[in-house]
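Enquirer: Using only what follows, build the 3D model:
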Amino acid sequence: MNSEELLALLSAVGHAQRLRVIGELADGRLYVSELARRLEMSRPLLYMHLDRLEKAGLVAGRLELSEDGKALKYFELTPFELKLNVATVLAALQEDRIAAPPEAAGDADGAAKPRAAKKPNTTRGTRT
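Expert: Residues are numbered from 1 along each chain as shown. Sure, this is the predicted structure:
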């Protein structure tokens, strides 16, 4: 896991509504309308939270057809264990260093490359 994935995971569980979603799904999978009713949340808002949880790998969604032919989107928890300590953070940072190309960190001597200065915006405050 790199630092971006770690931050996505922490961001996903760092919200009260998403913790409630995880709590409701702890007993088993539910379709979105039922989950929205239980949480007293609109479906669009629920989908936003489910999307965040799914991108972090905490839930999985699957579209299924009911007996009467209606499409139902079911969500369930994926097995996960969240362990945050110094070793977890250091491992994520190490993964970043492994994945980064050498030139991204600096030149061959390890010196950081200077950034180009931004040009000032000379049009600000003028009307045409």
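
Enquirer: Roughly how far does the nearest residue to Q17 once chain neighbours are set aside sit from N85?
Expert: Once flanking residues are discounted, Q17 sits nearest to H49: 5.5 Å by CB to CB, 6 or more residues apart in numbering. Where C-beta positions appear, they are placed from N, C-alpha and C, glycine not excepted. Applying CB to CB, to the nearest Å, the value for H49 to N85 is 26 Å.

Enquirer: can you check K70 too?
Expert: In terms of CB to CB, K70 sits 45 Å off from N85.

Enquirer: wait, doesn't L30 sit right on R38?
Expert: Yes: the pair L30 / R38 is scored as a contact, 7.4 Å apart, by CB atoms under 8 Å.

Enquirer: which residues are common contacts for these two?
Expert: E24 (CB atoms under 8 Å, 6 or more residues apart in numbering).

Enquirer: between the two, which one's more packed in?
Expert: L30 (20 against 13; other CB atoms under 10 Å).

Enquirer: for the protein, what helix or strand is lowest in average pLDDT?
Expert: Least confident helix or strand, the chain: helix 102-105 with a mean of 58, by mean pLDDT, DSSP states H and E.

Enquirer: any chance you could map the strands in the chain?
Expert: Remark: strands assigned in the chain by DSSP state E are 30-31, 59-65, 71-77.

Enquirer: Please work out which of these is packed deepest.
Expert: Neighbour counts (mean count of other CB atoms under 10 Å) averaged over each of these peak at strand 30-31, with a mean of 19.

Enquirer: which helices and strands sit right next to that strand?
Expert: With contacts defined as 3 or more CB pairs under 8 Å, 6 or more residues apart in numbering; DSSP states H and E, the packing partners of strand 30-31 are strand 71-77.

Enquirer: and the residue nearest to Q17, how many neighbours?
Expert: 21.

Enquirer: Just to check, it is in contact with V21?
Expert: Yes: counting by CB under 8 Å, H49 does reach V21; the two are 5.6 Å apart.

Enquirer: Now mean pLDDT and distance to A12 too, for the strands of the chain, in CSV please.
Expert: Shown next, in CSV, are the strands of the chain (pLDDT from 0 to 100; distance: least, CB to CB, whole Å):
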stretch, mean pLDDT, distance to A12
strand 30-31, 95, 18
strand 59-65, 94, 9
strand 71-77, 95, 12
